[in-house]
Each structure stands twice: as C-alpha cells, then as structure tokens.
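J.: Structure of the sequence below:
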Amino acid sequence: MYNHPEYGTTSASSQKEDTKGILVTSSGYISLPLIKRVRIAGLTQTQAKNKIEKAYHKFNIIDAEVYVEVLNKRAYITGEVNKPGEIALFNERLGLLQVLASAGGLTDAANRRAIVILQKRGNKIHTQTVDLTGKDSLKIANLMIHPNDTIYVTPNDMKPFNTGISEVAPTVELVGGIVNPITNINNILKSNN
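T.: Residues are numbered from 1 along each chain as shown. Okay, here's the model as predicted:
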C-alpha cells in the first residue's frame, strides 16, 4: 500500500518491485496490518484492490493506494514432454514454444500435429488442437498461454509399438544371452568332428 507503507507489505521506495507479497489462505483470505482478514477468493485483481482500499477507508485511511498482483500464475503441461507439471508464467502469459521449452521439450513419442490446449475463460472451457508442423507453425508457436491453461501433448501413433518393443527387448536379450553360448558350443563341437 502506497502513501501508508506502515500498513502495507512494501516500502514506499520498493513499490511494485517487491515480490514478497501476502499468501492467500486455502479459504481465500489474506491478512493485512490494521484491517486483519479480508476475503479475496474469486475476485479479479481490480476487485481485490477495491475491496482492500474500502477496508482501509473504514479506518479513516482515505488516501490508501493498493497494488494487487498475483505472483504465482501457472499453466500446466502434461503428456509427451520431458518434464510435465506446472510452468510459472512470470509475465502473465507465455508463448506455446516457451512453455514447451520450459517443460524440457517434446519426447520422441510426441505427436507434433496434435497438441491440445485447454483454456478456461469465464465458465467455459475452450479446447484448441494445434499442429506444430504446418505452414502456420510459427504463428502457432507464439500462441499465448494464460494462467491456468493446460497443454496436453498427445502421443504419436508409434508410441504403443515402441512401448511394446521396449517391454519385450529385455526378454529377447536374456534369451539371446542363453542361446548364443549354446550355439557357439554346438558350432565348436561340429567343427571338431
């Protein structure tokens, strides 16, 4: 809070650069000096700012200026990437290519023609499937990913075959390891006769 740094989480000199912030509890409350607990769950940043300023007005702090920023904006990526999980969005949003790079890139089994993006806007979920191999791939690579979006990289058609081969390969190697010496002994015995 500016103009009254004694009640805020920042100093007047650091203002927006401060990233210490205040944690929102699982029940949606924050705790602030003087006004104590304020419920901000489900509010936009502007609504939360207005609600906090209004709470300070009740204590005759009329010129309170509050700055609200969500510090833990995330998108999620799963499927055929090397490091699936949460991706921090430091600048509110990131390009699809940046998100894929943050996830360690695509695996060999990734279907580059079918990357599914789920975006929640209001009460609706929009699904978009993108092709990174087409003529518009550069434009698609810069597609913006927003907080709480989910990216699913689908497997290619060869994944079941490759998975089957990798499961059978150790058994084939074991059988080969047993059969090979027997075949060698048999060949040595035949050549000596």
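J.: Checking my notes, Leu138 in a helix, right?
T.: Yes. With DSSP: H, G, I helix; E, B strand; the rest coil as the criterion, Leu138 is part of a helix.
J.: For burial, what's the neighbour tally of it?
T.: By the measure other CB atoms under 10 Å, the count of residues near Leu138 is 10. In this view, the C-beta of every residue, glycine as well, is placed from N, C-alpha and C.
J.: Distance check, it against Val130.
T.: Counting by CB to CB, to the nearest Å, the gap from Leu138 to Val130 is 12 Å.
J.: ditto for Gly122
T.: 22 Å.
J.: the more surrounded of the two?
T.: Val130 (19 against 6).
J.: in the chain, which spans are helices?
T.: 45-57, 96-102, 137-141, 159-192 (DSSP state H).
J.: Report the buried residues of the third one.
T.: Right, the one you point to is helix 137-141. Buried residues in helix 137-141, defined by neighbour count with 16 or more other CB atoms under 10 Å: Ile140.
J.: What helices and strands are in contact with it?
T.: Judged by 3 or more CB pairs under 8 Å, 6 or more residues apart in numbering; DSSP states H and E, helix 137-141 is in contact with helix 96-102.
J.: Domain map for this protein?
T.: Split into domains by automatic domain parsing, the chain comes to 5-57, 74-155.
J.: highest average neighbour count across those?
T.: Of those, the one with the most neighbours on average (mean count of other CB atoms under 10 Å) is domain 74-155, at a mean of 15.
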